[in-house]
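J.: Pasting the sequence and the predicted model now:
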Amino acid sequence: DGYALGEDGLCHLSTTGSDSGTPPAETIPEGQADPFEITAVVSEHVRTVVTVSWKTEGAATGYVEFGEGSDYGRLTPLTTSGTSHSVNLLGLWADTEFHFRVVSVGEDGTEWVSADKTITTGSLPPEIPTMSFTGEPTWEGFIFAPFQGINYLAAALDPQGRVVWYKV
């Protein structure tokens, strides 16, 4: 069995044979109607966090691949099975365009991959100081740093010293 994009914009099971035993990933072509109804929104409260939401015709799990380019490099945890999905893209820095795409896997193992999409994160609040590190980073992942001054600030920094999350 194979899968085809229907006139309604959704992927459907078709009777075209497949000899591999594993259904191929269906990639939604650029400019084609988006069967996932994907939305991406920058958080009002933390302008480095993006929430990606999408819908599937039937029960599926899914995740989002994301990164600075269309080679992505990072992905979110798998969503629980259902037809409405939502994940947060974390570890992004301010004022930067990021690429992402949705990958959904149906209960029958069929995998659908959306076209590449982009979103630009927002600016940091002015009370967040600019930080930089010299030399090579000595840690992987993120470091949490509390700051005290006029206002209390907690921030998560990546190894390059970029703020990827904050609470003012």
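T.: Looks like it arrived, so ask away.
J.: Contacts only, for Met77.
T.: No, residue 77 isn't Met; it's Pro. By C-beta atoms under 8 Å, 6 or more residues apart in numbering, Pro77 lies in contact with Tyr63, Val87. Every residue, glycine included, has its C-beta placed from N, CA and C.
J.: which stretch of helix or strand covers it?
T.: Taking DSSP states H and E as the definition, Pro77 sits outside all helices and strands.
J.: ok, it to Ala154 distance?
T.: Here the criterion is C-beta to C-beta, to the nearest Å. By it, Pro77 lies 23 Å from Ala154.
J.: what's the answer for Ala94, then?
T.: Ala94 sits 16 Å away from Ala154, taking C-beta to C-beta as the criterion.
J.: neighbour-wise, which of those two wins?
T.: Set side by side, Ala94 and Ala154 show unequal neighbour counts under other C-beta atoms under 10 Å, the larger going to Ala94 at 17 against 13.
J.: where does the closest residue to that one other than its chain neighbours land in three-state SS?
T.: Counting by C-beta to C-beta, 6 or more residues apart in numbering, Leu124 is the residue found nearest to Ala94 once chain neighbours are left out, at 4.6 Å. Here Leu124 is recorded as coil under DSSP: H, G, I helix; E, B strand; the rest coil.
J.: what's the burial count for Leu124?
T.: 20.
J.: now do His45
T.: Number of residues near His45 (other C-beta under 10 Å) recorded here: 8.
J.: Tell me the pLDDT of it.
T.: Per-residue confidence (pLDDT) for His45: 94.
J.: roughly how far apart are it and Leu78?
T.: 25 Å.
J.: same deal with Glu111?
T.: For Glu111, the distance to Leu78 under the criterion C-beta to C-beta works out to 12 Å.
J.: Between the two, point out the one with more neighbours.
T.: Neighbour totals were compared for Glu111 and Leu78, and Glu111 leads with 18 against 13 (other C-beta under 10 Å).
J.: which residue ranges form the strands in the protein?
T.: The residue ranges that make up the strands of the chain, judged by DSSP state E, are 2-5, 11-14, 26-27, 39-42, 50-67, 74-75, 82-89, 97-106, 111-113, 117-120, 143-147, 153-157, 163-167.
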